[in-house]
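# got a sequence here, can you model it:
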Amino acid sequence: MIVEGSDLRRVAGHFPTGVTVVTTTHDGRPCGLTVNSFASVSLDPPLVLVCVSKAARAYACVEAERTFVVNVLAEGQDRIARVFASTAQDKFASVDHRRSPRGLPILDGVHAWLECDVVARHAGGRTHTIYVGRVSALATGSGRPLVFHGGRYTALAGG
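Next up, the predicted model:
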């Protein structure tokens with residue numbers, strides 16, 4: 001059996017994921033993109049990974065800067081996810097944000113954020129790069145996380 005990318009997308013869509021926006025700065029300007037491939041890797045040392053599409057405009061920023069913030073979106077922030085998934089030139093124009101102590105963009109109202117330094121990068125097929133980041137700062141917000149399942153943004157069930 002030959003598995004096509006479209007088949008994997010359809011089946012992987014049955015697995016609910018959190019929604020994140022990975023942000024950084026490049027030449028003093030903020031850049032970012034929506035990413036749902038995010039995972040905790042290790043507690044000692046504290047490591048996470050994100051998979052970034054090489055086709056994304058923000059790919060060059062992450063590749064050049066080697067630092068990033070994972071913004072875990074909160075319920076109701078699906079508009080922000082759509083903005084950062086788009087090809088808009090200035091994605092930060094309509095999104096409130098602040099700077100971390102190191103100057104990286106943190107989106108306002110997120111469920112959580114993690115500031116990271118790239119410690120490894122791996123090929124993720126022809127289309128993505130897998131960045132492993134050592135967490136240097138982090139915080140949680142309130143509320144509940146935004147979830148993506150079955151091709152759409154949704155809320156967690158229950159209380």
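
# would you map the helices across this protein?
If DSSP state H is used as the criterion, the helices of the chain fall at 5-12, 59-65, 78-85.

# now do the first one: distance to the chain's middle.
So that's helix 5-12. Its chain's average C-alpha position is 20 Å from that of helix 5-12, according to Cα atoms, centre = their mean, to the nearest Å.

# ok, the shortest one next?
The chain centroid and the centroid of helix 59-65 are separated by 14 Å under Cα atoms, centre = their mean.

# touching it from outside, list them.
Residues outside helix 59-65 that contact it (Cβ atoms under 8 Å, 6 or more residues apart in numbering): Val22, Thr24, Thr25, His26, Cys31, Leu33, Val52, Ser53, Phe68, Val118, Thr129, Tyr131. All C-beta spots, glycine's among them, are computed from the backbone N, C-alpha and C.

# burial of the third one, as a residue count?
The tally of other residues near Thr25 (other Cβ atoms under 10 Å) stands at 20.

# go on, Leu104?
Leu104: 22 neighbours (other Cβ under 10 Å).

# so what's it up against?
Thr23, Thr24, Thr25, Thr67, Phe68, Val69, Glu115.

# pLDDT-wise, which helix or strand of the chain ranks last?
Here the helix or strand of the chain ranked lowest by mean pLDDT, DSSP states H and E is helix 5-12, holding a mean of 82.

# phi, psi of the nearest residue to Gly76 once chain neighbours are set aside?
Once flanking residues are discounted, Gly76 sits nearest to Leu146: 7.4 Å by Cβ to Cβ, 6 or more residues apart in numbering. Note on Leu146: backbone dihedrals following degrees, to the nearest 10 are phi -80, psi 140.

# what's the answer for the one 4 residues further on, then?
Main-chain dihedrals, Gly150, degrees, to the nearest 10: phi 60, psi 30.

# state the pLDDT value of the residue nearest to it when sequence neighbours are not counted.
Nearest residue to Gly150 in three dimensions, chain neighbours excluded: Gly13, at 5.7 Å (Cβ to Cβ, 6+ apart). pLDDT, Gly13: 76.

# now swap in the one 10 residues further on and tell me
Per-residue confidence at Thr23 stands at 98 (pLDDT).

# and what of Cys61?
94.

# got it, and Gly159?
pLDDT, read off for Gly159, is 58.

# cool, thanks, talk later.
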